[in-house]
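> Structure here, sequence nowhere to be found:
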Ligand SMILES: Cc1cc2nc3c(=O)[nH]c(=O)nc-3n(C[C@H](O)[C@H](O)[C@H](O)COP(=O)(O)OP(=O)(O)OC[C@H]3O[C@@H](n4cnc5c(N)ncnc54)[C@H](O)[C@@H]3O)c2cc1C
């Protein structure tokens, strides 16, 4: 028998667990440990609430958690409640799948002013992450800037631009919906250092901006290279650029009250305001041959009382685990950190790729584990029994997958009309449902 601990119950953790159950059959016991009683990582806390079909992938993860070989161990934070070294003593292999939940900083003056928030915070706020329930992003101003040219920036802009009933069928949390209902926001400027060809936005997410009830995209045709330049692009990317070109060609719909303005070739240099963010100062850029942006010295201001930075994420450090400072992730070679210690998902690769990218990633690491300790062998480790004992000694009460089902049932029962659930947001609310 082999015992494995997977730390993190997001896509990477679950795909790795699935791969290990297939590789080992009944010759392994796998504990999927998460800091929260609610599983699925960014499927719950990141993926946009109005993209429900994507969240359905969690059904596949449920099959793993409900199988004989795997157990969900919630309410346990590794690095705080139990160290990685302790886990390594209890399990044959420890696989870190903790994601990359920390916002990268812009590193410009004024970044600490009230009103400047990272996208992990802002997304966490509207998605019911306990750490950001009290964020209260300022929505009393007419202008917002979202810094970054990826899909997360688009998510943030779209959520800010939607009307109340456009959230029907979503699981946006009540506190965010109430705040958005009374929002004064009129103009959302998406700021990117480079040009349309350098965006990391996918066609579906871009296309949605053309179908919003009260908001219209604004794109300047002068920002584009000649249309022939699109021929060299990969087809999916070309499709995104075509959508942007169409937005520029059609022009903004004047009947819509809100605008989502694409401001390309604009590098943030500082944030100014009297006690709160009031404006973002950007420098006009040009691209060199390699596609890198350099400042021209010409600056201008983008008014904004709320500034959401969406420029990437980092994995938190955990004591005893080597870290790659540059990549903002655990130092690893193809997922291997050290003997019996691995990383998968965003903690392995950094914050890139879709939910599906984590599948081959998890399977590859499971293959390495199986090669190092073949199915049928025994490592003599205590596994989950040892963890239960250790947690008991420390007065920590873990939660099970059945506990999550109870929380989920309560969320479904509390749903407002048209919503799949009303997410309970705070750790104490989850534990109250469980009678703790
Ligand atoms: C805002 C946003 C929107 C996205 N939208 C999409 C989309 O529409 N489509 C798509 O394909 N992809 C999307 N993605 C990407 C997708 O979410 C990621 O590829 C995926 O979630 C990464 O999986 P992961 O398992 O590595 O990390 P995560 O999903 O972050 O999971 C990490 C898990 O580890 C747990 N954890 C963290 N620290 C500890 C600790 N110390 N101890 C115990 N547990 C811990 C966390 O609670 C969490 O459950 C989006 C990402 C973001 C940020």
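Nice, thanks for sending it over. No experiment lies behind these values; they were computed from the predicted model shown. Numbers count the residues shown, from 1 in each chain.

> hmm, stretch 423-432 touching the ligand?
No: Stretch 423-432 lies apart from the ligand when judged by Cβ under 6 Å from any ligand atom; the minimum separation is 11.4 Å. C-beta here means a position set from N, CA and C on the backbone, and glycine is covered the same way.

> Not counting that stretch itself, show me its contacts.
36-38, 44, 75, 127-130, 133, 171, 173, 175, 399, 407, 410-411, 414, 433 (Cβ atoms under 8 Å, 6 or more residues apart in numbering).

> which of those are close to the ligand?
Filtering these for proximity to the ligand by Cβ under 6 Å from any ligand atom leaves residue 36.

> got the residues of the protein near the ligand?
For the chain, the contact set with the ligand under Cβ under 6 Å from any ligand atom comprises 7-13, 33-36, 41-42, 46-47, 51, 54, 77-79, 97-99, 101, 123, 152, 155, 345-347, 353-355, 358.

> Quick one: mark the members of those residues that sit in strands.
Counting by DSSP state E, the part of those found in strands is 7, 33.

> So, low pLDDT: which residues of this protein?
Counting by pLDDT under 70, the chain shows no low-confidence range.

> how near is the most centrally placed residue in it to residue 127?
For the chain, residue 46 is the residue whose C-alpha lies nearest the centre (Cα atoms, centre = their mean; 4.1 Å). As judged by Cβ to Cβ, to the nearest Å, residue 46 and residue 127 stand 7 Å apart.

> Is residue 217 located within a strand, as I assumed?
Yes: under DSSP: H, G, I helix; E, B strand; the rest coil, residue 217 falls within a strand.

> any idea how far it is from residue 189?
Distance, residue 217 to residue 189, by Cβ to Cβ: 12 Å.

> Looking at these two, which one has more neighbours?
Taking other Cβ atoms under 10 Å, residue 217 and residue 189 do not tie; residue 217 has more neighbours (27 against 23).

> could you list every residue that touches the more buried one?
So residue 217 contacts 209-210, 247, 252, 259-260, 262 (Cβ under 8 Å, 6+ apart).

> Quick one: the helices in the stretch 101-250 of the chain, in order.
Taking DSSP state H, counting those that start in this stretch, the helices of the stretch 101-250 of the chain run over residues 119-127, 151-161, 174-181, 203-208, 235-250.

> for these, which one sits closest to residue 333?
Nearest to residue 333 among those is helix 119-127 (27.2 Å), distances taken as Cβ to Cβ.

> From the rest of the structure, what touches the closest one?
Everything outside helix 119-127 that qualifies as a contact, by Cβ under 8 Å, 6+ apart, is 44-49, 101-103, 129, 131-133, 135, 137, 146, 148, 152-153, 155-156, 159, 172-173, 175-176, 180, 308-310, 313, 423.

> So what angle separates the directions of it and helix 151-161?
Here the directions of helix 119-127 and helix 151-161 differ by 40 degrees (axes from the mean of the first three to the mean of the last three Cα atoms, to 10 degrees).

> the inter-axis angle of helix 119-127 versus helix 174-181?
Helix 119-127 runs at 100 degrees relative to helix 174-181, counting by the same axes, to 10 degrees.

> What are the buried residues along the strand ranked longest in the chain?
Secondary structure of the chain per DSSP E: the longest strand is strand 293-303. Burial within strand 293-303, assessed by neighbour count using 16 or more other Cβ atoms under 10 Å, is assigned to 293, 302.

> ok, it: who's next to it in the sheet?
strand 279-287 (antiparallel) (DSSP bridges).

> ok, residue 267 - contacts?
193, 282-285, 293, 295.

> swap the cut-off to 7 Å and go again
Neighbouring residues of residue 267 by Cβ atoms under 7 Å, 6 or more residues apart in numbering: 193, 282-283, 285, 293, 295.

> that's a helix at it, yeah?
No: going by three-state DSSP, the assignment for residue 267 is strand, not a helix.

> if I look at it, how far off is the ligand?
23 Å (Cβ to the nearest ligand atom, to the nearest Å).

> Which positions in stretch 170-187 come out as buried?
By neighbour count with 16+ other Cβ under 10 Å, stretch 170-187 contains the buried residues 170-173, 175-177, 179-180, 183, 185, 187.

> Now do that stretch: distance to the chain's middle.
Remark: stretch 170-187 is offset 20 Å from the chain centroid, using Cα atoms, centre = their mean, to the nearest Å.

> Can you name the residue of the stretch 51-200 of the chain nearest the ligand?
Nearest residue of the stretch 51-200 of the chain to the ligand: residue 99, at 2.4 Å (Cβ to the nearest ligand atom).

> Not including adjacent chain positions, what is the nearest residue to that residue?
Closest residue to residue 99 apart from its sequence neighbours, by Cβ to Cβ, 6 or more residues apart in numbering: residue 346 at 4.6 Å.

> is it true that the one you found touches residue 100?
Yes: taking contacts as Cβ atoms under 7 Å, residue 346 lies within contact range of residue 100: 4.1 Å.
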